[in-house]
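Student: for reference, the sequence and a predicted model appear below.
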Amino acid sequence: MTADHSRHPLASRAGLAAAGRIVVKVGSSSLTSVSGGISGEALVRLADVLAERRTAGTEIILVSSGAIAAGLAPLGLARRPSQLSAQQAAASVGQGLLMAQYSQAFAAHGVTVSQILLTADDLIRRSHYANAHRAMERLLNFGVVPIVNENDTVASHEIRFGDNDRLAALVAHLVKAEALVLLSDVDALYDGPPGAGASRIPLVGSPADLEGVTIGRVSRAGVGTGGMVTKVEAATIAAASGIPALVTSTANAAAALRGDDVGTWFTATGKRQPIRLLWLAHLARVLGTLVLDDGAVRAVGERRRSLLAAGVVDVDGVFEAGDPVQLVSGDGTVVARGLVNYSSAELPRMLGRSTHDLAEELGAEYERSVVHVNDLVVLQAAPAS
């Protein structure tokens, strides 16, 4: 059975029962055994649930952590290392072990899986993005369950997603999923510490619903990089881009996919936007700051125009052309983020000057905007004057 590709975001968690395409993310803490490494039993239980839904016709994309955790024991490491190179080594060893277990568990149901390793570059560079999208669609057409992970073996600090929750939000956007399901070892978001009599928050209709809510940061197993705070961030990113999200426990996976009243449902609050802008707004590691005059603040924040050199009064940071920077007003308020067209070495001599003057003195290549509107996301609209 092939899922309907005229998909729309789900209006409520009940729609998960008949959804055509869902992205499911599972964290290391849900797959790890007490003694360390990947728990084969936990992995098989999850595969059983997802394979049943795949067989019933729902297209499933699984974003799975666990490669680093799986590689710890073979390398003789007692805990997740803090050094990036050691994490890369553990991921390199563990990714094959993790996929072998997934392949066996899904094969028991006659379902084929594939491995897709991504870095942030793969989702923000247009050619890489198009290739990732085509590959994913083709795999889904074949009835395969793609298993996605961050490419920890080669990803540097600068191009890492930082955790697979946010990666899952971008993958859901990439494949135009009807919903994102984030699984961990906590069954829902609560209005306080779950062990202190707090109440489950069943529905988040907007970010305002989370005001005053204290969100925990550390997962119990200590092998992941996220915790509830990154689940909420990922769910909010997805909802802001038009994809609803459910946060619940791996133990509730079957109930969640049936549409039962479990976990915390984040209603879609926004519309789809280019994934590059989604990354800029929520995930990009900002490398510099451009201070704007009042006119440029209004042009960028209110009228959604490109940023020209004439409106920039100061530059801070070290960056190259194409790097993410933040655009701030004179009082330091962050107005927008964007991909800058010039390096921090080039910009100082351009400040406050018209594009025409720059082109005449420095050459036609300086006729470009500092940040083009297509590479810019407004975070705070300038007040109308």
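Tutor: Thanks, I have the structure now. Numbers count the residues shown, from 1 in each chain.

Student: element containing the residue nearest the centre of the chain, please.
Tutor: For the chain, the residue nearest the mean C-alpha position is residue 166 (2.5 Å; Cα atoms, centre = their mean). Per DSSP states H and E, residue 166 falls inside helix 164-174.

Student: next helix or strand past that helix?
Tutor: Beyond helix 164-174 on the C-terminal side, the first helix or strand identified by DSSP H and E is strand 179-184.

Student: and the angle for that next one with helix 164-174?
Tutor: Calculated by axes from the mean of the first three to the mean of the last three Cα atoms, to 10 degrees, strand 179-184 forms an angle of 170 degrees with helix 164-174.

Student: quick one on the thing from earlier: now do the buried residues in the helix holding residue 166.
Tutor: Residues of helix 164-174 classed as buried by neighbour count (16 or more other Cβ atoms under 10 Å): 164, 165, 166, 167, 168, 169, 170, 171, 172, 173, 174. For every residue, glycine as well, the C-beta is placed using N, CA and C.

Student: how near is the nearest residue to the first one once chain neighbours are set aside to residue 370?
Tutor: Same thing as residue 164. Excluding the flanking residues, the one nearest residue 164 by Cβ to Cβ, 6 or more residues apart in numbering is residue 65, at 4.7 Å. Here residue 65 is placed at a distance of 38 Å from residue 370 (Cβ to Cβ, to the nearest Å).

Student: do the same with residue 353
Tutor: Residue 353 is 11 Å from residue 370, by Cβ to Cβ.

Student: neighbour-wise, which of those two wins?
Tutor: residue 370 (27 against 16; other Cβ atoms under 10 Å).

Student: now the more buried one, nearest residue through space, not along the chain?
Tutor: residue 307 (4.8 Å).

Student: my guess is the one you found contacts residue 327, does it?
Tutor: Yes. Using Cβ atoms under 8 Å, residue 307 is in contact with residue 327, at 6.4 Å.

Student: list residues touching both of those two?
Tutor: 290, 292, 300, 338, 371, 376 (Cβ atoms under 8 Å, 6 or more residues apart in numbering).

Student: tell me, how many residues neighbour the fifth one?
Tutor: A count of neighbours around residue 371, defined by other Cβ under 10 Å, yields 23.
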